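Asker: okay, predicted coordinates and the sequence, questions at the end:
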Amino acid sequence: MQPLLQIEDVYKQYGDKQVLDNIDLSVRKGEFCTVVGPSGCGKSTLLRLILGQEQPTSGKVEIAGAPALLPDLSRGIVYQRYSLFPNRTVLDNVMLGKTLTQGQWWNPWYRNKAHEEEAMAMLAQVRLADAARKYPHELSGGMQQRVAIAQALIMKPPILLMDEPFGALDPDTRADLQVHLLELWEKEQLTVFFVTHDMHEACLLGTRLLVLSQYYSDDRGDRHFAGRGGKIVADHPLPKVATSREVMHTDAFKELIEQVKQEGFDPEYLQHVKDFNLKHPDSFQTLLDAEYRR
Ligand SMILES: Nc1ncnc2c1ncn2[C@@H]1O[C@H](COP(=O)(O)OP(=O)(O)OP(=O)(O)O)[C@@H](O)[C@H]1O
């Protein structure tokens, strides 16, 4: 089966600064990829490349075999906040993507019964049917994020990108939305690419945990990581047994978090590029000669 997302030999530089360094990734339909890594390792940059908002300096990013040249309906995105229009009702916000594809974005009176029904069904999915006529400022942060998820999902994107979507929420709301997202993922068979700073969240939600880091060694230069771009230093398949948070209390879960902290976040623990912890069956690496040698 062709991968839904294929990233090969991707480098990204801003001026002199190398941000991503030879990223290889193959993602199949239905995977829930979570991405963690130290600040500045390039998580959001990688997300923007997948979205097609930016292009790699070299290498390729493909969605179902086609280059990701621009954002389009094959990817939906949910940000940490600010994705809702304050002057539109919740219902209108959820319908917005449909309205835009009809070229009616300029028309506040535009109504399409079928879209409205779809949006109401989507709001019911995120348990917000009662809030359809409210405006974003009348909702809590958690409710606003559920509207943002509904807004993205109504377009049925083959890939849902999420950039720290629960980062601004209080712990209880966050826990509630984590379980809710897992339920939606299971029910709608979503393919998700989820960036987070929270390792517990990453290990809980993902079927696959990617650790992106600038802390590694290779044979370019002197084993110092300073100035290096982020690489996928670990790729863990994760078992998904239930849509609940019970798993977080197991020893295996706690051990995984300790392992990820070491392999991705500890500058003293420099894995060699050849020894990256790439356990996922779809993981692969295209190493340059200088990176390959030991
Ligand atoms: N448009 C840009 N122009 C120049 N440098 C950029 C640009 N976007 C990102 N960078 C730099 O690239 C590096 C990676 O940024 P990015 O936001 O992708 O990292 P991140 O892993 O998401 O960080 P954080 O965890 O802090 O959100 C940073 O050093 C950042 O300053």
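Answerer: Right, received. Where do you want to start?
Asker: nearest residue to Asp21 other than its sequence neighbours?
Answerer: By the measure of C-beta to C-beta, 6 or more residues apart in numbering, the closest residue to Asp21 outside its immediate chain neighbours is Gly229, 3.3 Å from it. Where C-beta positions appear, they are placed from N, C-alpha and C, glycine not excepted.
Asker: typed the wrong thing, it's Met95
Answerer: What sits nearest to Met95 in space, not counting adjacent residues and going by C-beta to C-beta, 6+ apart, is Ala119, at 4.5 Å.
Asker: which element is that neighbour on?
Answerer: Secondary-structure element containing Ala119, defined by DSSP states H and E: helix 113-125.
Asker: ok, back up a step: quick one: the residue nearest to Met95 and Gly97 touch, right?
Answerer: No: the criterion here is C-beta atoms under 8 Å, and Ala119 misses it with Gly97 at 9.6 Å.
Asker: and for the two, which residues touch both?
Answerer: By C-beta atoms under 8 Å, 6 or more residues apart in numbering, Ala119 and Gly97 have these common neighbours: Ile154.
Asker: who has more neighbours out of the two?
Answerer: Residue environment comparison for Ala119 versus Gly97 gives the larger neighbour count to Ala119, 25 against 20, counting by other C-beta atoms under 10 Å.
Asker: distance of that one from Asp92?
Answerer: Distance of Ala119 to Asp92, computed by C-beta to C-beta, to the nearest Å: 8 Å.
Asker: poorly predicted segments of the stretch 151-294 of the chain, please.
Answerer: Low-confidence regions of the stretch 151-294 of the chain, defined here as pLDDT under 70, cover residues 221-226, 294.
Asker: the residue of the stretch 101-250 of the chain found nearest the ligand: neighbour count?
Answerer: Proximity of the stretch 101-250 of the chain to the ligand (C-beta to the nearest ligand atom) peaks at His197, 6.1 Å away. The tally of other residues near His197 (other C-beta under 10 Å) stands at 13.
Asker: just Arg133 next, same as before
Answerer: 10.
Asker: doesn't Asp92 make contact with it?
Answerer: No: between Arg133 and Asp92 there is no contact under C-beta under 8 Å: 9.5 Å.
Asker: sorry, back to before: against His115, how distant is the residue of the stretch 101-250 of the chain closest to the ligand?
Answerer: In this structure, His197 and His115 are separated by 35 Å, where distance is defined by C-beta to C-beta.
Asker: check Ala124 too.
Answerer: The spacing between Ala124 and His115, counted by C-beta to C-beta, is 15 Å.
Asker: who has more neighbours, the two?
Answerer: Summary of the neighbour comparison: Ala124 and His115, criterion other C-beta under 10 Å, with His115 having more neighbours (21 against 13).
Asker: which residue is the nearest non-sequential neighbour of the more buried one?
Answerer: Of all residues not flanking His115 in the chain, Lys98 sits nearest, at 4.3 Å (C-beta to C-beta, 6+ apart).
Asker: got the phi/psi numbers for that neighbour?
Answerer: When quoted as degrees, to the nearest 10, the phi and psi of Lys98 stand at phi -60, psi -40.
Asker: for Glu258, same thing?
Answerer: phi -60, psi -40.
Asker: which other helices and strands contact the helix holding Ala119?
Answerer: When contacts are defined as 3 or more C-beta pairs under 8 Å, 6 or more residues apart in numbering; DSSP states H and E, helix 113-125 packs onto helix 90-101, helix 141-153.
Asker: what angle do helix 113-125 and the shortest one make with each other?
Answerer: Here helix 90-101 points in a direction 130 degrees away from that of helix 113-125 (axes from the mean of the first three to the mean of the last three C-alpha atoms, to 10 degrees).
Asker: gap between helix 90-101 and the chain center?
Answerer: Averaging C-alpha coordinates over helix 90-101 and over its chain gives two centres that are 22 Å apart (C-alpha atoms, centre = their mean, to the nearest Å).
Asker: show me what that helix is packed up against.
Answerer: Applying 3+ C-beta pairs under 8 Å, 6+ apart, we find helix 90-101 packed against helix 113-125, helix 141-153.
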